[in-house]
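[1] Give me coordinates for this.
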Amino acid sequence: MKVTRWVASAAAFVGLLALSVDLADPIAYAATQTVTITAHGYVPNSSTIAIGDSVSFVNSDTTVHQVDFSAKSGFTCSPNPLVIQPKASGTCTFQSSGTYSYSDPNFKGKAFRGTVVVSKTSSSLSVALANSPRMAVYGRTETLSGTTSNHSSGLTVQILSQSCGQVAATANGTTTTTTGGAFSVRRHPLSNTTYAVKVQGVSSNSVVADVIPLQRLSLTSPHHFSIRVSAARSFAGKYVTFQRYSSVLRRWVNVKPITLRRNPSGVLPTIVSSASFMSSIARRQKVRTVLNALEAGTCYMPGKSNVIYD
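    This is a model prediction of the structure:
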């Protein structure tokens, strides 16, 4: 029975590795730039995007505004006509390259005139993306960083993410390139997540941030322990293996499995699973718990708790 369970765990771990490879395939996602309509005009009043991208017009003023394009084809807008109430927004998606001029017919002056420049995807531009750490404990920060091949500063970098279980990538904020075309941004993935970025319609390579559930082992009294496992899903009904370190064998030895139960102390999105247990092992030994690949499931990586002394 133990051998069968171990084989199943190994197979699950191999499956996780295969999933990580699949998730690393490039993400395709249309970018959206935002133009804010203020009482003093459009901010910014010029946007550069690629074919298939969108521009979102957000009305931050206290009066109704209209966005009227001089061209009548090559794009679609919602709502149509693009009349935007205060605190509301409208979006236009562009299917053809070119320069599209727009204005608010109810307001005079250059401040209420703008342009959208839609360019074909530039094959000369490339974006390199990396993440650190490659694997992180739940709740820790993931740093995404990279550079653009044109080394330009001031470019908008869209962050795209696809969490385990999601069928498609979604927008996850933006950042801006600095000197040399470099950029860096922090994220807190809740489960195994694939990230990519998009600059001027060009997508970067994808990187995978693997997440290990946070295990916290505590000694509550002599021979009595508690274990808390935190993640964005429940591990109730799953088990962790309680281990001791054998100085004779110079390796960790399994003591017993510990079944987890739902703990109401978690604050969403964090869900806590926990257990209290006792063990009669000799005192002053190093102990820990291990969550194996089979119990971790497809959206998390296996991992270990902190090490304490009984």
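[2] Run through who's touching stretch 257-266.
    227-230, 234-242, 271-275, 277, 289 (CB atoms under 8 Å, 6 or more residues apart in numbering). For glycine as for every other residue, the C-beta is placed from the backbone atoms N, C-alpha and C.
[3] which stretches of the stretch 51-200 of the chain have low pLDDT?
    Low-confidence segments of the stretch 51-200 of the chain (pLDDT under 70): 121-123.
[4] And the strands in it?
    For the stretch 51-200 of the chain, applying DSSP state E, counting those that start in this stretch gives strands covering 54-59, 65-69, 75-78, 82-84, 89-94, 98-103, 113-119, 127-132, 135-137, 142-148, 156-163, 170-176, 182-187, 193-199.
[5] Buried deepest among the ones you listed, which one?
    Among the strands of the stretch 51-200 of the chain, strand 193-199 has the highest mean neighbour count (mean count of other CB atoms under 10 Å), at a mean of 26.
[6] Contacts only, for Pro269.
    Leu190, Ala232.
[7] circling back to that earlier point, generate a ChimeraX selection restricted to the buried entries among the contacts of stretch 257-266.
    Only the buried entries of these go into this ChimeraX selection, using 16 or more other CB atoms under 10 Å:
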select :227,228,229,230,234,235,236,238,239,240,241,242,271,272,273,274,275,277,289
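[8] if you look at the contacts of stretch 257-266, which of them are in strands?
    Taking DSSP state E, the ones among those that sit in strands are 227-230, 239-242, 271-275, 277, 289.
[9] Just give me the closest of those residues to Gly180.
    Ser230 (38.4 Å; CB to CB).
[10] Next, Leu294: phi, psi?
    When read as degrees, to the nearest 10, the backbone of Leu294 gives phi -60, psi -40.
[11] That one - how many residues pack around it?
    20 (other CB atoms under 10 Å).
[12] do Ser46 as well
    12.
[13] what sits against the residue lying closest to it once chain neighbours are set aside?
    Distances taken as CB to CB, 6 or more residues apart in numbering place Thr115 nearest to Ser46, at 5.2 Å, with adjacent residues excluded. Neighbour list for Thr115: Asn45, Ser46, Ser47, Thr99, Tyr100, Ser101, Tyr102 [criterion: CB under 8 Å, 6+ apart].
[14] okay, Asn263: pLDDT?
    At Asn263, the pLDDT value in this model is 96.
[15] check contacts around Val272.
    By CB under 8 Å, 6+ apart, the contact set of Val272 is Arg228, Val229, Ser230, Arg262, Asn263, Pro264, Ser265, Gly266.
[16] Find the pair from the residues you listed with maximum spatial separation.
    Within these, Val229 and Pro264 form the most distant pair, 14.2 Å apart (CB to CB).
[17] Mind picking the one among the ones in strands among the contacts of stretch 257-266 that's closest to Leu125?
    Nearest to Leu125 among the ones in strands among the contacts of stretch 257-266, counting by CB to CB, is Ser230 at 40.7 Å.
[18] Isn't Cys92 up against Ser54?
    Yes. Counting by CB atoms under 8 Å, Cys92 touches Ser54, with 6.3 Å between them.
[19] Dump the C-alpha coordinates for stretch 124-144 into PDB.
    Extracted C-alpha coordinates of stretch 124-144, given in PDB (Å, rounded to 0.1, in the frame of the first residue of the first chain):
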ATOM      1  CA  SER A 124      12.400  44.300 -34.700                       C
ATOM      2  CA  LEU A 125      11.200  44.700 -31.200                       C
ATOM      3  CA  SER A 126      11.500  41.900 -28.700                       C
ATOM      4  CA  VAL A 127      10.900  41.700 -24.900                       C
ATOM      5  CA  ALA A 128      12.800  39.400 -22.600                       C
ATOM      6  CA  LEU A 129      11.100  38.400 -19.300                       C
ATOM      7  CA  ALA A 130      12.500  36.700 -16.200                       C
ATOM      8  CA  ASN A 131      11.100  35.900 -12.700                       C
ATOM      9  CA  SER A 132      12.700  35.500  -9.300                       C
ATOM     10  CA  PRO A 133      12.400  33.300  -7.400                       C
ATOM     11  CA  ARG A 134      11.300  30.500  -9.800                       C
ATOM     12  CA  MET A 135       9.500  28.800  -6.900                       C
ATOM     13  CA  ALA A 136       8.100  30.700  -3.900                       C
ATOM     14  CA  VAL A 137       6.300  29.800  -0.700                       C
ATOM     15  CA  TYR A 138       2.600  31.000  -0.600                       C
ATOM     16  CA  GLY A 139       2.400  34.700   0.400                       C
ATOM     17  CA  ARG A 140       5.900  35.600  -0.800                       C
ATOM     18  CA  THR A 141       6.600  38.200  -3.500                       C
ATOM     19  CA  GLU A 142       7.500  37.300  -7.100                       C
ATOM     20  CA  THR A 143       9.600  39.800  -9.000                       C
ATOM     21  CA  LEU A 144       9.100  40.000 -12.800                       C
END
